[in-house]
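Undergrad: Attaching a predicted model along with its sequence, questions to come.
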Amino acid sequence: MNKVFLIGNLTKDPELKETQSGISVCNFCIAVKRRYAKDGEQETDFFNCKAWRGLADTIAQYCSKGKRSQYRDISK
């Protein structure tokens, strides 16, 4: 089992779409600064994320570009 926990800023406004069966899907990207810098320069990683159903609606309604957010996922 793998756990992912990201805290960063949204790089653009979330995109809310619906599937053909009417299920909400929200795509968004989070920019996360690395804790340690190489050669004195801090690097940033970008993660594309996806949320479904009620969570997708909430993200689209309350989140916007530059807003600090967190993402958690558990996969098998």
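TA: Nice, I can see it.
Undergrad: going forward, measure contacts and count neighbours with C-alpha atoms only.
TA: Noted.
Undergrad: count of neighbours near the closest residue to residue 30 other than its chain neighbours?
TA: Nearest residue to residue 30 in three dimensions, chain neighbours excluded: residue 10, at 4.6 Å (C-alpha to C-alpha, 6 or more residues apart in numbering). For residue 10, the count of nearby residues is 23 (other C-alpha atoms under 10 Å).
Undergrad: ok, residue 10 touching residue 59?
TA: No. With contacts counted by C-alpha atoms under 8 Å, residue 10 stays clear of residue 59, the gap being 10.9 Å.
Undergrad: hey, where'd the strands end up in this protein?
TA: Using DSSP state E, the strands of the chain run over 2-10, 15-18, 24-33, 44-52, 68-75.
Undergrad: any chance of those in JSON lines, with mean pLDDT too?
TA: Listed next are the strands of the chain as JSON lines, based on pLDDT from 0 to 100:
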{"stretch": "strand 2-10", "mean pLDDT": "93"}
{"stretch": "strand 15-18", "mean pLDDT": "98"}
{"stretch": "strand 24-33", "mean pLDDT": "96"}
{"stretch": "strand 44-52", "mean pLDDT": "94"}
{"stretch": "strand 68-75", "mean pLDDT": "87"}
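Undergrad: Of these, flag the one that's most buried.
TA: Greatest average neighbour count among the strands of the chain goes to strand 24-33 (a mean of 19), per mean count of other C-alpha atoms under 10 Å.
Undergrad: what does it contact?
TA: For strand 24-33, the external contacting residues (C-alpha atoms under 8 Å, 6 or more residues apart in numbering) are 6-19, 42-54, 56-57, 59-60, 69.
Undergrad: got the angle between that strand and strand 68-75?
TA: Put simply, strand 24-33 runs at 110 degrees to strand 68-75, going by axes from the mean of the first three to the mean of the last three C-alpha atoms, to 10 degrees.
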